[in-house]
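A.B. asks: Requesting a structural model of the entry that follows:
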Amino acid sequence: MTFRKYLVLAGVALFASVGDSMLSRGMKDVGSVSIHHLQSLILAVLNPWIAGGILFLLAFFAAYMTALSWADLTYVLPATSIGYVLLALIAKFVLHEQVTLLRWLGIFLIAVGVSLVAGGPALTQTHAAHEQAPAETELASLGGER
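C.D. replies: Reported below is the predicted structural model:
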């Protein structure tokens with residue numbers, strides 16, 4: 001895997017963690033909102049923390065789509081699960097939330113699970129073969145040999 005692909009996976013984890021943290025911070029400022037009061041939701045989006053969180057989550061979505069374009073979901077999701085650790089650290093030290101021992105244990109188990117799947121292939125063989133087939137077809141149509 002290339003450095004650029006590692007950077008995309010890191011972006012997925014970082015953008016999601018920062019975006020979610022900013023949304024949490026903003027919603028603590030805004031207070032309770034209801035889907036039945038559309039005006040309160042629109043006003044909430046105008047909060048700088050929430051607007052920033054939305055921008056980070058849009059960046060997350062773009063990076064996530066990019067990662068899914070070259071790797072399987074079963075690879076991308078565990079590979080970016082380090083974001084759970086990052087999110088817990090942000091919640092604890094930036095947002096000053098209580099993170100219980102049970103939550104830390106759950107985060108530790110996620111990290112162990114990530115390490116177990118991190119060594120696997122990013123793309124399943126059947127998917128990889130399917131991706132190569134159009135290129136081989138194009139080569140054959142040009143009269144080239146394999």
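
A.B. asks: From what I see, residue 24 and residue 96 are in contact.
C.D. replies: No: between residue 24 and residue 96 there is no contact, the gap being 11.4 Å when judged by CB atoms under 8 Å. Where C-beta positions appear, they are placed from N, C-alpha and C, glycine not excepted.

A.B. asks: These two - which one has more neighbours?
C.D. replies: Using other CB atoms under 10 Å, the more surrounded residue of residue 24 and residue 96 is residue 24, with 18 against 7.

A.B. asks: what pLDDT does residue 114 get?
C.D. replies: With respect to pLDDT, residue 114 scores 77.

A.B. asks: Against which helices or strands is the host helix or strand of it packed?
C.D. replies: Assigning secondary structure by DSSP states H and E places residue 114 in helix 101-117. In this structure, helix 101-117 makes packing contacts with helix 73-79, helix 82-93, judged by 3 or more CB pairs under 8 Å, 6 or more residues apart in numbering; DSSP states H and E.

A.B. asks: could I get these as CSV with distance to residue 31 and mean neighbour count?
C.D. replies: As requested, the helices and strands packed on helix 101-117 are exported to CSV (distance: least, CB to CB, whole Å; neighbours: other CB atoms under 10 Å):
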stretch, distance to residue 31, mean neighbour count
helix 73-79, 33, 17
helix 82-93, 19, 18
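
A.B. asks: Present those helices as TSV; the columns should include mean pLDDT.
C.D. replies: Putting those into TSV (pLDDT from 0 to 100) gives the following:
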stretch	mean pLDDT
helix 73-79	85
helix 82-93	92
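
A.B. asks: looking at those, which is closest to residue 116?
C.D. replies: Distance to residue 116, taken as CB to CB, is lowest for helix 73-79 among the helices and strands packed on helix 101-117, at 8.3 Å.

A.B. asks: which outside residues touch the closest one?
C.D. replies: Contacts made with helix 73-79 from outside it, assessed by CB atoms under 8 Å, 6 or more residues apart in numbering, are listed as 9, 12, 64, 67-68, 71, 113-114, 117-118, 120-123.

A.B. asks: Who wins on neighbours among those?
C.D. replies: Scoring the contacts of helix 73-79 on neighbours with other CB under 10 Å, the highest-scoring entry is residue 12 at 27 neighbours.

A.B. asks: Could you double-check that it lies in contact with residue 82?
C.D. replies: No: counting by CB under 8 Å, residue 12 stays clear of residue 82, with 9.6 Å between them.
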